[in-house]
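[1] got a predicted structure here, sequence first:
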Amino acid sequence: MDFEYICIDSAGKELRGRLSASDHQEAKLRLKGMGFLILGLGEKVKKSERLYRIKKGIKDTDIYNLSREMSVLLNAGINLDRALEMLIPSSSNVELKEILQQVLRNIKEGKSLSKALEDTKRFNPLVNVMIKVGESTGDLKTAFDNISQYLNFQIRFKNEIRNTMAYPLFLIFASIAILIAIFKLIIPRFFSIFGQDTSSLPLVSRALYSISNIVNSTNVFIILAFIGILIISSRRLNYGIIFRNLYNYLFYLPLLRNLIINLELSRFTYAMYSMLKSGVEFIKALALSREVIQNTNMRGAIERTIPQIREGKGIADTFSYIGFIPPMTLEMLRVGENSGNLKEIFFELYSVFDERFKNSMKRIMVLLEPIVITVMGIVVGIIVISLILTVMSVSNISL
């Protein structure tokens, strides 16, 4: 097996290179035998495989696994740099492995873990702050544990949304596929009976024939190819602004407004709970937690409360000027302010908004499924009626 290494020699010079060994342990022993201080050691990846794997990027799952494993190792009494050395070879994500090697080098040069993570510019600000708090309290194990719990919430939340949307999306794509098959296979064969001249056919029949010609031309393949290019290039091009603006407009639709409010507030309140649980002061926790809100209108409203709270105004009183905050939330925040237990209050609020979001999603899905089936039935019915009218018009049969 071929390995790539980053070491420091006896003169303090950084060395990078490759060596062959039967396994990771043998490679490590050989480098130590040469008197090198190992900063990074990992299996060499082929260039084609490396390019493919780097495109995947770093996911929440990767950071979750890293933080959970770091918590276990630190709890077992292993020091920080040794824990990183143990985890780097086991990482299956090439990009994360290289970032961790960079973090390890910075730590051995004397930087703090929070500074090393921040310099990579690849970690969530909430993660950086939790690590910084853990360093200040001397309890990095708890900091990594809190990070893993927060990321576990994010992963489960996204998976629940995907699972809920799976069946309706399947119905939609299946309906589209059926319609394309009808217009590509059935309609052309039916109209071939009447030749190329369709001027004598009813209007609805001519419209049906025109749609069939569009579907059977190269237009569909061009559209599909364009969509494929967009998907492939989505990691290189920034479509965030387009989707963000679309998401902001959806906020004003009556059916989706409450769904978006519950979704964003559940994220926000759980982030606040995680921050406060990690020992972050309230103002800083508020400034960081607002970043998880994807809707810019809601995020701006939360951001405007920060200067007022910093001036000494009550949290509940300040939030009362935000139109989308439910009255129940304000009462619970007042209770938290008076009792000094805001952390638990934010967790209770998260539970409430999470439950409301799930119930709203269920209601929408219950409505969406029959809507898709009904629309599909209407379209197919129109097609059948058009074909019948075509036959009747050619046969001079009157209704």
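    Arrived safely. Numbering: from 1, shown residues only.
[2] any idea how far F173 is from F346?
    39 Å (C-beta to C-beta, to the nearest Å). All C-beta spots, glycine's among them, are computed from the backbone N, C-alpha and C.
[3] neighbour count: the two, which is higher?
    Neighbour tally, F173 and F346, criterion other C-beta atoms under 10 Å: the higher count belongs to F346, 26 against 10.
[4] can you tell me how far that one sits from R156?
    In this structure, F346 and R156 are 18 Å apart, going by C-beta to C-beta.
[5] and if you look at L73?
    In terms of C-beta to C-beta, L73 sits 24 Å off from R156.
[6] for Q149, identify the helix or strand it belongs to.
    helix 140-181 (DSSP states H and E).
[7] give me the contact list for stretch 122-133.
    With contacts defined as C-beta atoms under 8 Å, 6 or more residues apart in numbering, stretch 122-133 is touched by 58, 63, 67, 99, 112-114, 117-118, 140, 143-144, 146-147, 150, 271, 274-275, 278-280, 284, 288-289, 291-292.
[8] ugh, typo on my part, it should be stretch 367-382
    Taking C-beta under 8 Å, 6+ apart as the criterion, the residues outside stretch 367-382 that touch it are Y167, P168, L171, I172, S175, I178, L179, I182, V204.
[9] low-confidence ranges in the stretch 1-150 of the chain?
    Filtered on pLDDT under 70, the stretch 1-150 of the chain yields the residue ranges 1, 10-12, 39-40, 42-57.
[10] what segments of this protein are strands?
    Counting by DSSP state E, the segments of the chain that form strands are 2-8, 14-20, 37-43.
[11] for Y252, which of the ones you listed is the nearest?
    Among the strands of the chain, strand 37-43 comes nearest to Y252, with 49.8 Å by C-beta to C-beta.
[12] what is the burial count for S212?
    Neighbour count of S212, defined by other C-beta under 10 Å: 20.
[13] so what's it up against?
    S212 sits next to F183, K184, I187, P188, F191 when contact means C-beta under 8 Å, 6+ apart.
[14] and the pLDDT at the spatially closest residue to it that is not a sequence neighbour?
    What sits nearest to S212 in space, not counting adjacent residues and going by C-beta to C-beta, 6 or more residues apart in numbering, is I187, at 4.0 Å. Per-residue confidence at I187 stands at 80 (pLDDT).
[15] use 76 as the first number from now on
    Okay, residue one is now 76; in that scheme the one you just asked about reads as I262.
[16] now for I262, how many residues are close by?
    Number of residues near I262 (other C-beta under 10 Å) recorded here: 22.
[17] so it makes contact with S285?
    No - the pair I262 / S285 is not scored as a contact, 10.3 Å apart, by C-beta atoms under 8 Å.
[18] so for L148 and R231, which sits in the more crowded spot?
    More neighbours sit around L148 than around the other of L148 and R231, counting by other C-beta under 10 Å; the figures are 19 against 10.
[19] wait, doesn't the more buried one sit right on L159?
    No - in this structure, L148 sits apart from L159 without contact. The criterion is C-beta under 8 Å, and the distance is 9.0 Å.
[20] thinking again about what came up before, redo the strands of the chain as a markdown table? Include distance to P200 and mean neighbour count.
    Converted to a markdown table, the strands of the chain look like this (distance: least, C-beta to C-beta, whole Å; neighbours: other C-beta atoms under 10 Å):
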| stretch | distance to P200 | mean neighbour count |
| --- | --- | --- |
| strand 77-83 | 28 | 18 |
| strand 89-95 | 30 | 12 |
| strand 112-118 | 26 | 18 |
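[21] OK, contacts around S341?
    Each residue near S341 by C-beta under 8 Å, 6+ apart is listed here: F232, Y425, F428, D429, R431, F432.
[22] show me which pair in those residues is furthest apart.
    Among the contacts of S341, the pair separated by the greatest distance (C-beta to C-beta) is F232 and R431, at 13.6 Å.
[23] how many neighbours does K207 have?
    Using other C-beta under 10 Å, the number of residues around K207 comes to 20.
[24] and the angle from the longest helix seen in the chain to helix 215-256?
    Among the elements of type helix in the chain, defined by DSSP state H, the one spanning the most residues is helix 417-469. Between helix 417-469 and helix 215-256, the angle comes out at 10 degrees (axes from the mean of the first three to the mean of the last three C-alpha atoms, to 10 degrees).
[25] how far does helix 417-469 sit from the chain's center?
    Average the C-alpha atoms of helix 417-469, do the same for its chain, and the two points are 23 Å apart (C-alpha atoms, centre = their mean, to the nearest Å).
[26] burial of the closest residue to I286 other than its chain neighbours, as a residue count?
    Using C-beta to C-beta, 6+ apart and skipping residues adjacent in sequence, the residue nearest I286 is F258, 5.9 Å away. By the other C-beta under 10 Å criterion, the neighbourhood of F258 contains 20 residues.
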